[in-house]
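> need coordinates for the below:
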Amino acid sequence: MPAPAANKRVKNKRVSRNIIIGSEAWALPPVGHPDRPKGVPDDHTKRWTVYVRQPDGDPSLTTWLNKVQFKIFNTYENPLRTCDNPPFQVTETGWGGFTIDIRLHFQPISGEKAQYRQHFLQLEKYGDEKLQAEQEKTGCVRSEFLEVVQFNEPTEALYEALTADDQWSYLALGAKGGKKTSSMSTGPNGRPKRGFPNGERSAQLPEKGGDDIPFSQEQEAELINQLKAKMAEVDKALAGENKKREETEAKLKSLREELGHEAAQQAAQQASGDRSRRR
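Residues are numbered from 1 along each chain as shown. This is a model prediction of the structure:
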């Protein structure tokens, strides 16, 4: 079998991958405190980390992600930080939040251009009372969002990588490492999470849904049927409006014929004069 081409595209296929872009911030001990790290400017009150991660149980980021660049505030030394390997994250200290530009570079086999994202570095407590109470309790201000990266008609090489079994290997290896990692392999109901051996290991949607499978072909088919039903309702309403318009045009035509050409022309001129006077 020939090797997959690095530039030939797989037609009518789309593969999506989820990533988490976020940040965490912790308060620094005050100036003069023995636990305050050395070399931190006196006006810095927070230690923070900005990151790009994969959701728990998802396939390895490195299957498709080559490196990540973080453009932090230009007052920092070397504000453009490049992470060539996981963890894709930058840790610094500071006193105020700002927007961080993030550039995702894909593996060479993808043939895709880099994509940009942005994340606001949240250093102070935010949200409702419950969320702020949790932040106060843990001492950590976390702000993160789920982003979707889509590969439309990926190259053959990338498609093979995104559907290969070895992109889940890190999960299987982690499950052998101890109680903490092995417990990650199953959900609360004891069933395997997506991405683990004997779980969902394909870039395609699984046939059936479940507690640990948020999207499936079954759910997709149901959504398509709902959309078709709504489209049928819209088409029916549109047909009704078209019929009313045709009836109105037919009445107008009939009235013009009854009035005759000269009377219709006078009515049109009068209407035009009325519009001119209103301007």
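
> where do the helices sit along the stretch 1-150 of the chain?
For the stretch 1-150 of the chain, the helices defined by DSSP state H, counting those that start in this stretch occupy 129-138.

> now it, which segments are flagged as low pLDDT?
Within the stretch 1-150 of the chain, the ranges that satisfy pLDDT under 70 run 1-6.

> just the strands in it please.
Listed in chain order, the strands of the stretch 1-150 of the chain (DSSP state E, counting those that start in this stretch) span residues 14-27, 46-53, 65-71, 80-83, 88-94, 99-106, 115-120, 140-152.

> now the last one: buried residues?
In other words, strand 140-152. Val141, Ser143, Glu147, Val149, Phe151 (16 or more other CB atoms under 10 Å). All C-beta atoms are positioned from the backbone trio N, CA, C, and that covers glycine.

> cool, and the fifth one?
Taking 16+ other CB under 10 Å as the neighbour-count basis, strand 88-94 is seen to contain the buried residues Phe88, Gln89, Val90, Glu92, Thr93, Gly94.

> equivalent analysis for the fourth one, please.
Judged by neighbour count using 16+ other CB under 10 Å, the buried positions of strand 80-83 are Arg81, Cys83.

> pull up the pairing partners for that strand, direction included.
strand 65-71 (antiparallel) (DSSP bridges).

> buried stuff in the strand it pairs with?
Of the residues in strand 65-71, Leu65, Asn66, Lys67, Val68, Gln69, Phe70 count as buried by neighbour count, 16+ other CB under 10 Å.

> so the third one makes contact with Arg81?
No: with contacts defined as CB atoms under 8 Å, Lys67 does not count as touching Arg81, sitting 10.7 Å away.

> any idea how this structure splits into domains?
Listed by automatic domain parsing, the domain ranges of the chain are 14-163, 216-279.

> alright, that wraps it up for me.
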